[in-house]
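>>> I would like the atomic coordinates for the input below:
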Amino acid sequence: MFSLALPDWHRRFVVSAASWALALISWSSAITSLDAASTVSVGPPMNHGSVGAGEGPSWNPEGYLLFSGGGHIHRRTQSGAMDVFREEAASNGLLLDPQRRLVVCESGRRRVTRTETTGVITVLADRYEGTRFNTPNDLTMDSKGRIYFSDPRYGARDDMEMRDGSGRLVEGVYRIDGPGQVSRVLTHEVNRPNGLLVSPDDRYLYVADNNNNSVGGARKLWRFRLRGDGSVVVRSRTLIFDWRDARGPDGLKMDRRGRLFVAAGLNVANPPYETDNPLRAGVYILSPRGKLLEFIPIPNDEVTNCAFGGPDLKTLFVTAGGHLWSVPVSVPGLVPYLSK
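Down below sits the predicted model:
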């Protein structure tokens, strides 16, 4: 049941360091009870039209949403005004860091960049051990400012360079500690990594494993434990949710109660690879341990990503088939630019 009215866009949202710390404490304590019972209040999804919203939504607290589409980064203000924020960005995932700098997975250029406050673009990663990445897809950040990004390859694979010591192709997950300081944290532990999320206490890395163009490929959400140095405890891999033969998980975010909001599913089957039943297209709201708490249906295929935004961070923006949707929620989302 939908139970929440649309948010008041005129309220100002201010978060102090103290309130952010309280949010982390609340998140940690909530995990133990979310699986038993949890009420998720969401309002009806609103379609803002076919505006080229393909991927990577990210809210800027100055009052606008950024998203990738058609090779560009687009900007949409609270009033609905649209313009092109950056032409020919070749982008997918977008993230605003604590210094309000835009970090971009430039999938078309096979690199991850950061736009400084001066407008200068810094290349954070374009190679690992001298080898070009596949197509950097999505990214997340921990509380120390370390960036994790996924590097799958969808579509043509003839120009892939990334291989392991035995010559096997690698679709991995990497961590950036600074410009040019790149470590591989996952190699073959997932099939084809897509969306990523680090929990706010830096304890866990969630990985959307979505091999959607292979019969029997992975369509799963995994959780890995993180060490203090940012490395992954590989043996800690835990299955959170399995979409089986439907469209697997793409982008994901988390609210302040620790609930996961995962874009996944299809409305029209894609044989022989994916079915449309019973896990349809939309946003799956899961507890940290993978209990399905609520489902937000989205009519467009394919549902690619989501992000919390608005002045109070109580609006979930969803990109799907070039359309932009918004959903009012009762609990604010977690965003990297408020982590410090």
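>>> Only C-alpha atoms from now on, for both contacts and neighbour counts.
Fine.
>>> For the most far-flung residue of the chain relative to its centre, give me phi and psi.
Most distant from the centre of the chain: S166, at 31.0 Å, with distances by C-alpha atoms, centre = their mean. In terms of degrees, to the nearest 10, the main-chain angles of S166 are phi -90, psi 0.
>>> if I look at it, how far off is L196?
Separation of S166 from L196 (C-alpha to C-alpha, to the nearest Å) stands at 27 Å.
>>> same thing with D164?
For D164 relative to L196 (C-alpha to C-alpha), the value is 22 Å.
>>> okay, the two: which has more neighbours?
L196 (26 against 12; other C-alpha atoms under 10 Å).
>>> contacting residues for that one?
138-140, 148-150, 205-208, 251-252 (C-alpha atoms under 8 Å, 6 or more residues apart in numbering).
>>> Swap in 7 Å and give it another go.
When contacts are counted by C-alpha atoms under 7 Å, 6 or more residues apart in numbering, L196 touches 138-140, 206-208, 252.
>>> do N210 as well
N210 makes contact with 192-194, 218-220, 248-250 under the criterion C-alpha under 7 Å, 6+ apart.
>>> So F133 sits against A125, correct?
No: shown here, F133 and A125 do not form a contact pair, counting by C-alpha atoms under 7 Å, at 8.8 Å.
>>> who has more neighbours, those two?
Set side by side, F133 and A125 show more neighbours around F133, with 26 against 23, by other C-alpha under 10 Å.
>>> so who does that one touch?
110-111, 126-127, 151, 162.
>>> mind redoing it with 8 Å?
110-111, 126-127, 151, 160-162.
>>> M160 now?
M160 makes contact with 133-134, 153, 169 under the criterion C-alpha under 8 Å, 6+ apart.
>>> how about a cut-off of 7 Å?
By C-alpha under 7 Å, 6+ apart, the contact list for M160 reads N134.
>>> how far away is it from Q99?
From M160 over to Q99 the distance is 34 Å, taken as C-alpha to C-alpha.
>>> Can you report phi and psi for Y337?
phi -70, psi 0.
>>> Please work out how many residues are found near it.
Counted with other C-alpha under 10 Å, residues neighbouring Y337 total 19.
>>> what's the distance between it and D126?
Distance from Y337 to D126, by C-alpha to C-alpha: 24 Å.
>>> ditto for G93
G93 is 15 Å from D126, by C-alpha to C-alpha.
>>> same thing with Y154?
18 Å.
>>> And V335, by the same measure?
Using C-alpha to C-alpha, V335 is found at 25 Å from D126.
>>> out of those two, which sits in the busier spot?
Using other C-alpha under 10 Å as the criterion, V335 and D126 rank with V335 on top: 24 against 21.
>>> Can you tell me, leaving aside adjacent residues, what's nearest to the more buried one?
Spatial nearest neighbour of V335, excluding adjacent residues (C-alpha to C-alpha, 6 or more residues apart in numbering): F308 at 7.5 Å.
>>> The one you found pairs with what?
L316 (DSSP bridges).
>>> Closest one to V104 out of the contacts of N210, please.
The closest of the contacts of N210 to V104 turns out to be N194 (C-alpha to C-alpha; 14.5 Å).
>>> what's the neighbour count on that closest one?
30.
>>> can I assume it is in contact with L252?
No: under the criterion of C-alpha under 7 Å, N194 is not in contact with L252, lying 9.5 Å apart.
>>> Quick check: Y174 vs L197, distance?
13 Å.
>>> Flag every buried residue along the strand ranked longest in the chain.
When the chain is scanned for its longest strand (criterion: DSSP state E), the result is strand 232-242. Buried positions in strand 232-242, judged by neighbour count with 16 or more other C-alpha atoms under 10 Å: 232, 237, 240-242.
>>> Including pLDDT, could these go into TSV?
As requested, those are arranged in TSV below (pLDDT from 0 to 100):
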residue	pLDDT
V232	98
R237	98
I240	98
F241	98
D242	97
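>>> for the stretch 151-300 of the chain, what spans make up the strands?
Assigned by DSSP state E, counting those that start in this stretch, the strands in the stretch 151-300 of the chain fall at 173-178, 181-186, 193-198, 204-210, 219-226, 232-242, 252-254, 260-264, 282-286, 292-297.
>>> If I take the first one and strand 193-198, what angle do their directions form?
Between the direction of strand 173-178 and that of strand 193-198, the angle (axes from the mean of the first three to the mean of the last three C-alpha atoms, to 10 degrees) works out to 50 degrees.
>>> Begin at 546, not 1, for the rest of this chat.
Renumbered: residue one is now 546, and that last one reads strand 718-723.
>>> who does strand 718-723 pair up with?
According to DSSP bridges, strand 718-723 forms sheet pairs with strand 692-695 (antiparallel), strand 726-731 (antiparallel).
>>> Of all the ones you listed, which one comes closest to N815?
strand 692-695 (24.1 Å).
>>> and that closest one, C-alpha only, in CSV?
The C-alpha coordinates for strand 692-695 follow below in CSV (Å, rounded to 0.1, in the frame of the first residue of the first chain):
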residue,chain,number,x,y,z
ILE,A,692,36.1,5.1,-4.4
TYR,A,693,35.0,1.6,-5.5
PHE,A,694,34.0,1.1,-9.1
SER,A,695,32.8,-1.9,-11.2
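>>> Could you list the residues in contact with that strand?
681-686, 717-722, 738-739.
>>> let's see 8 Å
With contacts defined as C-alpha under 8 Å, 6+ apart, strand 692-695 is touched by 650, 681-686, 716-722, 738-741.
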